[in-house]
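[1] Quick one: sequence plus predicted model below, questions after.
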Amino acid sequence: MPTWTSPPQLVALAAFYAQAQAQPDAFSDAAFLDAVKAAHWPTNCWSYMEASFAIIAPACLLRPHLTAELIALPIDAMIAGGLDHAEQVIAIGLDCAMRDAPYVAPSEEGKRWLTQVWPALGEMVETVFQARLQAALADDED
């Protein structure tokens, strides 16, 4: 699992992931999602997106059934940053795993998920992206 040493919310999340891995039934899905979401912090949307991929990749390994909800976090940031076509989402996530100097470095497990599992999620990515884009557009109309 991740071995982040800073910032504090990632240190806490790494400890949470270790506990969730050791005791898979210790946390409900709701508590699990709350812990992952609480680790995010305000920043520009593209840095948020990069950090979000590093944060959610281990979560997607631990709870694959929550992947659609978890990938909505970086996808929302991409949409906020102006992305309006889902075709680029997979490539952007892969780039986060390959960067030399990432905003937040993904763990080895996270890199593995981003390079091995993420590319096969095209249909899920398209569905989540379209739903989140429509929600964002509806919010803009309000």
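    Yep, it's here.
[2] How about the contacts made by the closest residue to residue 86 other than its chain neighbours?
    Among residues not flanking residue 86 along the chain, residue 129 sits closest, at 3.8 Å (C-beta to C-beta, 6 or more residues apart in numbering). In short, each C-beta sits where N, CA and C put it, glycine included. Residues near residue 129 by C-beta atoms under 8 Å, 6 or more residues apart in numbering: 75, 79, 86, 89.
[3] switch to 6 Å and redo it
    If you count contacts by C-beta atoms under 6 Å, 6 or more residues apart in numbering, residue 129 has them with 75, 86, 89.
[4] Pull out the buried residues from the helix ranked longest in the chain.
    For the chain, the longest helix by residue count, based on DSSP state H, is helix 122-141. Neighbour-count burial for helix 122-141 flags 125, 128-129, 132-133 (criterion: 16 or more other C-beta atoms under 10 Å).
[5] For stretch 111-124, measure first residue to last.
    19 Å (C-alpha to C-alpha, to the nearest Å).
[6] Can you list the neighbours in contact with that stretch?
    Under the criterion C-beta under 6 Å, 6+ apart, residues 57, 60-61, 68, 90, 93, 97 lie in contact with stretch 111-124.
[7] Quick one: mean pLDDT for it?
    For stretch 111-124, the mean per-residue pLDDT is 97.
[8] what's the offset of it from the middle of its chain?
    Relative to the centre of its chain, stretch 111-124 is centred 12 Å away, using C-alpha atoms, centre = their mean, to the nearest Å.
[9] Pull out the buried positions in that stretch.
    In stretch 111-124, counting by 16+ other C-beta under 10 Å, buried: 111-114, 118, 121.
[10] Brilliant, that's me finished.
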